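Q: here is a sequence with its predicted model. Questions after.
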Amino acid sequence: MKAHNKWLTAPLAAGLAAATLSGCGTDEDAAANGAARVVVGMSEMVATTDPASGYDPGSWLLFNNVFQSLLSFPKGGTEPQPEAAEACDFDKGKSTVYSCTLRDGLKFSNGNPLTSEDVKFSFERALKIDDENGPAPLLSTIDSIDTPDEKTVVFTLKVPDATFPSKIASGAGSIVDHREYEGDALRTDGKAVGSGPYKLESFSPDKAVFDVNPDYQGTAKVNNGGVTLKLYQDDRKALADALLNGDVDVAYRGLAAADIKELNGSPTAGKKGIEVREGSSAEVQHLVFNMKDPVIGKLGVRQAIAYLVDRNALVQDVYQSTATPLYSIVPAGILGHNTAFFDRYGDQPQPEKAKEALQDAGITGKVKVTLYSTPSRFGPGTDEQIEAIAKQLNASGLFEAEAKSVEYGQYEQDVAAGKYGVYVKGWVPDYPDPDNFTQPFFGEDNVLQNHYENKKITNKIIPDTAAAADRATAQDDFGQLQNLVAEDLPILPLWQAKQYAVAYNTVTGLEWTLDASTVFRFWEIKKG
């Protein structure tokens, strides 16, 4: 798998998934009944409208509402269920053959029929374009795709991959109209043609307009008359002001922890009927260690940092309790989670153990280290967090640490070039399975770009866990993987986010948009 960019602060593979057509939503209902439009604001950008390229949460928000996938995650659920498909399953006795049958009457928003040809085209297109910011790595186990007829799609995989249904239920599985998209080039006109609950009416850097798609056939039931998404381009204050002024009904991604805390207790917000809605999340953030760095490459230095970082202080002081301390690479609420870093390094600073770790590494003087961050990609509190960590290290008397903030483009270039010893990364999962917190980090050509290699993880544990059709049977292997990472220390988990939206009390349904699947379901939101 090549490196990709789902970093941010961004189900179990099952047996037969069969749909009943009587449960399908017809989106004409909401529009015909005069349901109100909802205005949603966020300070993050939508990088692209083409699902072969975008791998940021803003773009996936668009994909999940405009395009259909063969499967999708139901509200509150982590096991993929049929969406554009009527049924999908692995062939009996063939763990590398996955077949799907499409629903009847599928259409794109332009009226063109959606057939197996479009499904095959969409996956092969993403793989062929192989954009550096695209979802191709999630589809890397696909060997070939056959379409025996207009309703049947057969995937042959290179290796057993029990997480394949979850992967294609994500934005990576978005189905595009083969008549509207080139097979070897990205679409750059800001338009999108899908078959999802909404159609993209217009798109600009500061606003995207979504109308209800009357031709949609799937499981979603739309509860509004459309959605206008206002984009405030990293301007958190503008987003908060827009909410208070009534310019948006919902503020989703991009408010800082202090903003949420202030709105939650604000008399002004209370008088206006503004409420903070909290949901679960598997979004995480880590310190990443460059294993080839002349200083950080020493295990004793990494251990000393692990003994000194105070996650509780970071969560309380920087993030205002909008996150929880994280002590492993697999977050709480995800199958196989353990507390490997808590067990090894504790939950409070231990300067004596840090000093001992340095002495064992032959280090007696203060360790000079620079911690790098970038605020525009990994959340508004990232710079403050890195500064706080530097202060924690310096307070021990063992380090001479400084924090540096770098513009995102330069940051990514420098990380890839190995210029940083310690840097921050955040991760929003593609699907709620422990595989998505391990394979992208520790598989071949992983996203960490920190030169960490453990052949037992790469060659044994990851392939074995990926092949486990019964995900519960992989728990021990995932536990062993987490323990090995805690021992080797290529990264240091910091926190797991809570998910928030701030909205007027006239808005309902947000509880069904804030779950571990990370799918923000426009159709569940109702106003009035």
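A: Received it, and whenever you're ready, just let me know what you need.

Q: check contacts around residue 311.
A: 325, 326, 327, 347, 494, 495 (CB atoms under 8 Å, 6 or more residues apart in numbering). In short, each C-beta sits where N, CA and C put it, glycine included.

Q: try it again at 6 Å.
A: Contacts for residue 311 (CB atoms under 6 Å, 6 or more residues apart in numbering) come out as residue 325.

Q: would you list the phi and psi of it?
A: phi -60, psi -40 (degrees, to the nearest 10).

Q: and it, how far from residue 41?
A: Computed as CB to CB, to the nearest Å, the residue 311 to residue 41 distance reads 30 Å.

Q: what strands flank the strand or helix carrying residue 372, and is each parallel or antiparallel?
A: According to DSSP states H and E, residue 372 maps onto strand 367-373. Strand 367-373 has its sheet partners listed here by DSSP bridges as strand 399-405 (parallel), strand 422-427 (parallel).

Q: and the angle for the very next helix or strand once past the first one with strand 399-405?
A: So that's strand 399-405. Using DSSP H and E, the helix or strand that follows strand 399-405 towards the C-terminus is helix 408-416. Helix 408-416 runs at 140 degrees relative to strand 399-405, counting by axes from the mean of the first three to the mean of the last three CA atoms, to 10 degrees.

Q: can you give me the buried ones in helix 408-416?
A: Residues of helix 408-416 classed as buried under the neighbour-count rule (16 or more other CB atoms under 10 Å) are 411, 412, 415.

Q: cool, and stretch 186-193?
A: Quick answer for stretch 186-193 (16+ other CB under 10 Å): 186, 187, 192, 193.

Q: let me see the contact set for the first one.
A: Just to be clear, that refers to residue 186. For residue 186, the contacting residues are 50, 53, by CB under 6 Å, 6+ apart.

Q: hang on, it is in a helix, isn't it?
A: No. Secondary structure of residue 186 (DSSP: H, G, I helix; E, B strand; the rest coil): coil, not part of a helix.

Q: begin at 645, not 1, for the rest of this chat.
A: OK, 645 is where the count begins now, so the last one is residue 830.

Q: what's the pLDDT at it?
A: Per-residue confidence for residue 830 comes out at a pLDDT of 97.

Q: what's the spacing between it and residue 1071?
A: For residue 830 relative to residue 1071 (CB to CB), the value is 24 Å.

Q: swap in the third one?
A: The spacing between residue 836 and residue 1071, counted by CB to CB, is 26 Å.

Q: just the buried residues of helix 1052-1060: which has the poorest pLDDT?
A: For the buried residues of helix 1052-1060, the pLDDT minimum is residue 1056, 91.

Q: any stretches of this protein with poor pLDDT?
A: 645-677 (pLDDT under 70).

Q: need the outlier residue of it, farthest from its centre.
A: Most distant from the centre of the chain: residue 1008, at 41.1 Å, with distances by CA atoms, centre = their mean.

Q: now do the helices in the stretch 695-844 of the chain.
A: For the stretch 695-844 of the chain, the helices defined by DSSP state H, counting those that start in this stretch occupy 701-710, 760-773, 808-813.

Q: one step back: tell me which of the strands paired with strand 1011-1017 sits most buried.
A: strand 1066-1071 (a mean of 25; mean count of other CB atoms under 10 Å).

Q: show me the contacts for residue 819.
A: Contacts of residue 819 by CB under 6 Å, 6+ apart are 712, 762, 763, 766.

Q: give the contact list for residue 1160.
A: 924, 926, 977, 1076 are the contacts of residue 1160 under CB under 6 Å, 6+ apart.

Q: 7 Å instead, please
A: 722, 924, 925, 926, 977, 1076 (CB atoms under 7 Å, 6 or more residues apart in numbering).

Q: against residue 972, how distant is it?
A: 16 Å.

Q: list the buried residues in stretch 1095-1113.
A: Neighbour-count burial for stretch 1095-1113 [16+ other CB under 10 Å]: 1096, 1098, 1101, 1102, 1105, 1106, 1109, 1110, 1112.

Q: would you agree the first one is in contact with residue 1134?
A: Same thing as residue 1096. Yes. Counting by CB atoms under 7 Å, residue 1096 touches residue 1134, with 3.6 Å between them.

Q: please enumerate the shared neighbours of those two.
A: What both residue 1096 and residue 1134 touch, as defined by CB under 7 Å, 6+ apart, is the set residue 935.

Q: before we move on, back to that, show me which of the contacts of residue 1160 are buried.
A: Listed as buried from these are 722, 924, 925, 926, 1076; burial here means 16+ other CB under 10 Å.

Q: any chance of JSON lines for the residues you listed, columns secondary structure and distance to residue 941?
A: JSON lines is the format used below for the buried ones among the contacts of residue 1160 (DSSP: H, G, I helix; E, B strand; the rest coil; distance: CB to CB, whole Å):
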{"residue": "722", "secondary structure": "coil", "distance to residue 941": "37"}
{"residue": "924", "secondary structure": "coil", "distance to residue 941": "36"}
{"residue": "925", "secondary structure": "coil", "distance to residue 941": "33"}
{"residue": "926", "secondary structure": "coil", "distance to residue 941": "30"}
{"residue": "1076", "secondary structure": "coil", "distance to residue 941": "33"}
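
Q: quick check: the farthest pair among those?
A: 722 and 925 (12.8 Å; CB to CB).

Q: in PDB, list the C-alpha atoms belonging to the strand holding residue 1016.
A: C-alpha atoms of strand 1011-1017 as PDB (Å, rounded to 0.1, in the frame of the first residue of the first chain):
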ATOM      1  CA  VAL A1011      18.500  16.100  24.900                       C
ATOM      2  CA  LYS A1012      17.900  18.800  22.200                       C
ATOM      3  CA  VAL A1013      14.800  18.000  20.200                       C
ATOM      4  CA  THR A1014      12.400  20.000  18.000                       C
ATOM      5  CA  LEU A1015       8.700  19.000  17.800                       C
ATOM      6  CA  TYR A1016       7.000  19.900  14.500                       C
ATOM      7  CA  SER A1017       3.300  20.600  13.900                       C
END
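
Q: can you name the element that comes right after it?
A: Next along from strand 1011-1017, by DSSP H and E: helix 1019-1022.

Q: now that next one: how far from the chain's centre is it?
A: Between the centre of helix 1019-1022 and the centre of its chain there are 14 Å (CA atoms, centre = their mean, to the nearest Å).

Q: tell me which residues of that helix are tucked away?
A: Of the residues in helix 1019-1022, 1019, 1020, 1021, 1022 count as buried by neighbour count, 16+ other CB under 10 Å.

Q: my guess is the first one contacts residue 1027. True?
A: Yes. Counting by CB under 7 Å, residue 1019 touches residue 1027, with 4.9 Å between them.
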